[in-house]
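S.K.: I'll drop the sequence and a predicted model, then ask my questions.
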Amino acid sequence: MITALRGVIGKAMTPLARALLRIGVSPDAVTIIGTIGTIAAALWLLPTGHLFVGALVIGAFALSDALDGTMARLSGRSGPWGAFLDSTLDRLADGAIFTAIGVYFLVQQEGNIAIVGASLAAACVVFGFTVSYARARAEGLGFQAAVGIAERSERLVISLVVTGFVGIGLPVSVLVVVLGIIAVASLITVGQRMAAVRSQAKAADADTP
Ligand SMILES: CCCCCCCC/C=C\CCCCCCCC(=O)OC[C@H](COP(=O)(O)OP(=O)(O)OC[C@H]1O[C@@H](n2ccc(N)nc2=O)[C@H](O)[C@@H]1O)OC(=O)CCCCCCC/C=C\CCCCCCCC
Ligand SMILES: O=P([O-])([O-])O[C@@H]1[C@@H](O)[C@H](O)[C@@H](O)[C@H](O)[C@@H]1O
Ligand SMILES: [Mg+2]
Ligand SMILES: [Mg+2]
């Protein structure tokens, strides 16, 4: 759904990507700085309760994940190292964002909402990582698994937009519900990826003489 915006976002990033390449910035530098910025903003701004500013700053840094690939493609430098670096650092950024949301609940909220919010944020970390792992493992085995209702863009955009709105007055219970939905949607995505790989593996078995 949101992942389908990949082409549009890539096009929107093109002028900035060209400008950065022109002044000698490499795609890897953007990947690394974007990840450090995402992690620092998440761990500093969300636990301290700056949800609106935090969502904006994290969102801006997280969008560097679309910029690095655009730069790599424009400069003809796309390759396995870049793909590995990009996906590996994405996991650190994802972990920091949902951990920071969990810490926000523990530090800034009280009672049941603190416990439930932090637990659901932890579930988003674990199930989101499993979504990404399923794709990486599938691709390592020669299958495709880039499917599902809760790919990374969906998980990040929905959680950051709702976090930002809570920062300007939306009840925090809405964020709890949305974290629950992201956790369940991530689990469903794991199932969708397992089904995709199963059918490819069966088809490959059937083709083997
Ligand atoms: C002050 C400014 C504020 C800005 C706020 C932002 C507002 C944003 C508004 C709208 C949101 C837009 C939605 C974004 C949708 C993203 C869809 C998309 O493009 O997804 C794909 C990207 C990129 O993924 P990936 O890394 O897989 O692809 P790449 O293109 O990088 O290609 C990978 C290949 O490239 C090669 N390579 C890569 C790196 C490298 N070093 N070398 C290489 O060779 C290699 O071959 C690789 O295989 O995904 C994303 O961008 C991740 C999602 C980002 C989520 C952004 C979240 C922003 C949304 C909201 C912010 C919160 C707002 C708060 C609102 C408050 C309300 C009151
Ligand atoms: O697998 P997922 O978490 O939905 O989404 C992601 C992929 O769409 C992306 O190409 C890659 O750079 C990420 O690291 C991550 O794997
Ligand atoms: Mg990227
Ligand atoms: Mg990425």
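M.R.: Now that the structure is in, tell me what you want to look at. Numbering: from 1, shown residues only. Ligands and ions are numbered 1, 2, ... in the order given.
S.K.: Name the SS class of Ala4, please.
M.R.: Classification of Ala4 by DSSP: H, G, I helix; E, B strand; the rest coil places it in helix.
S.K.: Sorry, wrong one. I was asking about Gln144.
M.R.: Assigned state for Gln144: coil (three-state reduction, three-state DSSP).
S.K.: That one reaches Gln200, doesn't it?
M.R.: Yes: Gln144 lies in contact with Gln200 (Cβ atoms under 8 Å); the separation is 6.9 Å. C-beta: built from backbone N, CA, C; applies to glycine.
S.K.: Just want the phi and psi numbers for Leu106.
M.R.: phi -70, psi -40 (degrees, to the nearest 10).
S.K.: That one: what's it in contact with?
M.R.: The contact partners of Leu106, taken as Cβ atoms under 8 Å, 6 or more residues apart in numbering, are 114, 118.
S.K.: Check which element follows the helix or strand in which Trp44 is found along the chain.
M.R.: According to DSSP states H and E, Trp44 maps onto helix 27-45. On the C-terminal side of helix 27-45, the closest following helix or strand by DSSP H and E is helix 51-62.
S.K.: tell me the angle that next one makes with helix 27-45.
M.R.: 170 degrees (axes from the mean of the first three to the mean of the last three Cα atoms, to 10 degrees).
S.K.: Output helix 51-62 as CSV - backbone C-alpha positions only.
M.R.: These are the backbone C-alpha positions of helix 51-62, laid out as CSV (Å, rounded to 0.1, in the frame of the first residue of the first chain):
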residue,chain,number,x,y,z
LEU,A,51,6.3,13.1,20.3
PHE,A,52,5.4,15.6,17.6
VAL,A,53,8.9,16.9,16.9
GLY,A,54,10.3,13.4,17.4
ALA,A,55,8.0,11.9,14.7
LEU,A,56,8.9,14.7,12.3
VAL,A,57,12.7,14.4,12.9
ILE,A,58,12.7,10.6,12.8
GLY,A,59,10.5,10.7,9.7
ALA,A,60,12.9,13.0,7.9
PHE,A,61,15.9,10.8,8.8
ALA,A,62,14.0,7.6,8.0
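S.K.: Off-centre distance for that helix?
M.R.: 13 Å (Cα atoms, centre = their mean, to the nearest Å).
S.K.: and the helix or strand encompassing Gly69, is it in reach of ligand 2?
M.R.: Element membership for Gly69 (DSSP H and E) is helix 64-74. No: shown here: helix 64-74 not in contact with ligand 2 (Cβ under 6 Å from any ligand atom), separated by at least 6.8 Å.
S.K.: Give me the helices and strands touching that helix, please.
M.R.: Where contact means 3 or more Cβ pairs under 8 Å, 6 or more residues apart in numbering; DSSP states H and E, helix 64-74 is packed against helix 6-22, helix 27-45, helix 80-108.
S.K.: what's the closest of those to ligand 4?
M.R.: Each of the helices and strands packed on helix 64-74 has some distance to ligand 4 by Cβ to the ion; the shortest is helix 80-108, at 4.4 Å.
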